[in-house]
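[1] from the sequence below, what's the structure:
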Amino acid sequence: MSPADGSVPVAAWTLAEVCAAGLASLVPADMASEPQFAWLAPATAADDPGGLLDTVLTQPQETDIPLVALAWRLQLTPAELLACALAREVELDPLWSHALASLQSSAVQRVGPQRPTLGLVARWLVALGLAQDTAPCAAALITGRAFASGVLQLSLEEHLPATERTLALHPQLLPQLSSYGDATPRSARFGAWSIEIAGAPGFSLPSSWEEALAGYAGLLRRQSHGVAQLVLRANLSAEAAGVAARLGEALGCAVARIAGLRGDNEPLPGALEAWLVGARAIPLFAFDASPGESVHVPSFGFYRGPVLIAMGAEGDVEPAARGGTRQWRLSLPPPRERAQLWRDALGDAGAALDHAMLGRQYTCGVSTVFAAAAAAASRAQAEARAVNERDIAAAACEDLTATTHGLSALAQWIPCRGTEDAFVADARVRDELDLVLARCRWREQAGELLGPAIRARYAPGVKLLFIGSSGTGKTLAAQWIAEKLGKPLYRVDLAAVSSKYIGETEKNLSELLARAEQLDCVLLFDEADSTFGARTEVRQANDRFANTQTNYLLQRIEQFAGITVLTSNSKGRFDEAFMRRLDHVIEFPLPRGSARAALWHAHIGSAHALSEMHIARLVAEVDLPGGNIRNIATAALLGAALEAGDIERACVSWRHVLQAIALEYAKLGRPMPDVLRAAAAA
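    Numbering: from 1, shown residues only. Have a look, this model is predicted:
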């Protein structure tokens, strides 16, 4: 360490060497040659080890940069910095712990503590010239920012005086203060709290978001002297968190996600703040709040920069103690920007696709575009070909159902293949459904072309109500719409959405609709009158809560930007205010004439020996909807299979059909038509 002339090249010193020089001065002369102290001999070459500290701080070695930077940001004194450096070296090098154990031994304790006691650190700092006396030095350390921030900790032997208790670096800070460059740790845990550097989002931002991001980055730079909260809102807090990570990149800082909130309004652990400050990261909190809920962001004791908050569509944030709170709502980008997102996500594999069409057809969230593009590319890659539109549709309708951001807990995915031939309806219903399809396909563009009275309050969501008896094809019509649009269909589990606890139903519905918007799926509410039914007269407390819940449902479904299909047996069960919010109400009658004939042909299949005359008799005599016809066709096939001994050799005859009709009417508690009963008895 020392050249031949004995001088010390100050630029080559490290914090560890300064610490060693001070420690060497505490070793009695008769013990200096002992093995546990011999390694300290080179440190005695410094005539003024304390005076070297200024040079070490202004020209720190690479291994000292994390600790020096943390000390500067936490405003630690030179004495506190060296105490942290000593505590760090003890944890990393056994030479230090062995030396301290010998130095702190006594007649009572032959081997002393391997970590430095507060009293020893105070004497050591006096030897370095950083303090005049040990008692004031120890007091200054205990009341200083190093202990207040949790960087340094005293052992828990409360029966000992403070000066006899050992001092240690917080274990979660040790990896951060002992590494540099790419080796810097990206996560840590502090009791019930965790902190982790957020990775780059797996999606690019639309141009409108990029422009807004540049503006908010400038705002946060101007307010960097005080805590300023920026709330990023999206359908999913996870997508907002991804944008927050991009915002950190624009500010030249990492973004660290903090989790473990308990709602008790307690400040963050000081050591966690020290880790945050040492990482030069911006804190990020993520919430999926309930309607009407106001979330609290913990207070900071040492951090003075901006705070990012990623939230879903609902809830509010309490105002910041210092600085203001700004809101950035990450609204759905227009079709032109979505087309560019598809182009970015698909790359060369989707160069031949019509990106403008994809931007118009799929109104899903930004992160969902990239997830669907990746799934479509995997399909195409498996067959060594370019991505086509079928891959995109399959990815959106099937592949993404495995990652629904929690939607599957509240709704059930329904496959929608082959509905074109399966769905049978009369001409009036078909015409109305064609108009529904047009509204769904061009719901965004329509808002731009209509007059100002509509544009001022235009909502792109489409709300449909299908009315009809059970089995008339309402659910199949919803499947037909979803397949035509190339969107997934989810049936809402009303048992999972509804809750006896006040506010829980609203929370579940809010989460359901936010996730449905993110995936751009069609939502199906079967027997919707049980959830969206008419409000009742208030006679007891439960009625008031039920009406409040209904009011929220009516308002929230009106704001939903996606496609909603509700089914019911009766129009009269709905609240009048809700009926006004619906875009289309389609009544599904019992099939008649050619529609009923088409239903029989669609259900009976090819394994039969029925003539057209038989089909005509069924059309004329069986006044049942499609759901019952399905049951009859199934029962007839199984009866024929039982008779043949193998379903592969089954051939449905007129007799099998009549037997199945008799069973279906008996199940309904209705008499079988006389003509068919006579035919069955013949």
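[2] relative to P171, how far out is A640?
    Per CB to CB, to the nearest Å, A640 is found 74 Å from P171. For the C-beta atoms, the positions are set from N, CA and C on the backbone; glycine is no exception.
[3] please say which of the two ends up with more neighbours.
    A640 (23 against 12; other CB atoms under 10 Å).
[4] now the more buried one, nearest residue through space, not along the chain?
    Distances taken as CB to CB, 6 or more residues apart in numbering put A650 closest to A640, at 4.1 Å, once the chain neighbours are dropped.
[5] look at L464 and give its secondary structure.
    Using DSSP: H, G, I helix; E, B strand; the rest coil, the three-state assignment for L464 comes out as strand.
[6] in the sheet, who's paired with it?
    Beta-bridge pairing of L464, defined through DSSP bridges, involves V565, H584.
[7] give me the neighbour count for it.
    With neighbours defined by other CB under 10 Å, the count for L464 comes to 25.
[8] start the count at 734 instead of 1 going forward.
    From this message on, residue numbering opens at 734, which makes the last subject L1197.
[9] hang on, it packs against T1300?
    No - under the contact definition of CB atoms under 8 Å, L1197 does not touch T1300, with a separation of 9.2 Å.
[10] which of the three states applies to G883?
    On the three-state scheme (three-state DSSP), G883 is labelled coil.
[11] what's near enough to touch it?
    If a contact means CB atoms under 8 Å, 6 or more residues apart in numbering, then G883 has 903, 1002-1007 as its contacts.
[12] now do R821
    The neighbours of R821, taking CB under 8 Å, 6+ apart as the test, are 800, 902, 907, 910-911.
[13] from L814, how far out is it?
    From R821 across to L814, the span is 11 Å (CB to CB).
[14] just S758 next, same as before
    18 Å.
[15] Q837 now?
    Distance from Q837 to L814, by CB to CB: 22 Å.
[16] of the two, who's got more company?
    A direct count of neighbours by other CB under 10 Å for Q837 and L814 places L814 higher, at 25 against 19.
[17] how about the spatially closest residue to T917 that is not a sequence neighbour, what does it touch?
    Nearest-residue entry for T917: Q909, 6.5 Å, with adjacent residues in sequence omitted and distances by CB to CB, 6+ apart. For Q909, the contacting residues are 799, 917-918, 921, 1008, 1011-1012, taking CB under 8 Å, 6+ apart as the criterion.
[18] how about a cut-off of 10 Å?
    Each residue near Q909 by CB atoms under 10 Å, 6 or more residues apart in numbering is listed here: 799-800, 803, 903, 916-919, 921, 1007-1008, 1011-1012.
[19] so which helix or strand takes in it?
    Q909 is part of helix 907-910 when elements are defined by DSSP states H and E.
[20] output that helix as CSV, restricted to C-alpha atoms.
    Listed in CSV are the C-alpha atoms of helix 907-910, where the atom choice follows Å, rounded to 0.1, in the frame of the first residue of the first chain:
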residue,chain,number,x,y,z
LEU,A,907,-25.4,-5.1,3.4
PRO,A,908,-25.7,-6.5,-0.2
GLN,A,909,-26.5,-3.0,-1.5
LEU,A,910,-23.6,-1.4,0.2
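[21] could you point out which element follows it?
    Next along the chain after helix 907-910, taking DSSP H and E as the criterion, comes strand 920-923.
[22] let me see the mean pLDDT of the very next helix or strand once past that following strand.
    Stepping forward along the backbone from strand 920-923, the first helix or strand reached (DSSP H and E) is strand 926-930. Averaging pLDDT along strand 926-930 gives 93.
[23] check stretch 834-842 too.
    Averaged over stretch 834-842, pLDDT sits at 74.
[24] for stretch 949-959, same thing?
    Per-residue confidence for stretch 949-959 averages out to 77 on the pLDDT scale.
[25] cool, stretch 936-943 as well?
    Here stretch 936-943 scores 94 as its mean pLDDT.
[26] how many neighbouring residues does E1051 have?
    For E1051, the neighbour count with other CB under 10 Å is 12.
[27] could you find the closest non-adjacent residue to it?
    For E1051, the spatially nearest residue (CB to CB, 6+ apart) is H1029, at 5.1 Å.
[28] now the one you found. Its backbone dihedrals?
    Dihedral angles phi and psi of H1029 (degrees, to the nearest 10) take the values phi -110, psi 130.
[29] before we move on, what about the one 3 residues further on?
    Dihedral angles of S1032 (phi, psi; degrees, to the nearest 10) stand at phi -80, psi 160.
[30] again with M1044
    Torsion angles, degrees, to the nearest 10, at M1044: phi -130, psi 160.
[31] what pairs with it across the strands?
    R966, F1020.
[32] now it: how far from L980?
    Spatial separation of M1044 from L980 under the definition CB to CB is 14 Å.
[33] and what of I1200?
    48 Å.
[34] what about those two, which has more around it?
    Taking other CB under 10 Å, I1200 and L980 do not tie; L980 has more neighbours (25 against 20).
[35] name the SS class of that one, please.
    In the three-state summary, L980 is assigned as helix, counting by three-state DSSP.
[36] cool, A1310 as well?
    Three states are possible here, and by three-state DSSP the one that applies to A1310 is helix.
[37] where does the residue nearest to it when sequence neighbours are not counted land on pLDDT?
    With CB to CB, 6+ apart as the criterion, A1310 has its nearest non-adjacent residue at 6.1 Å, and that residue is L1287. Predicted confidence (pLDDT) at L1287: the value is 71.
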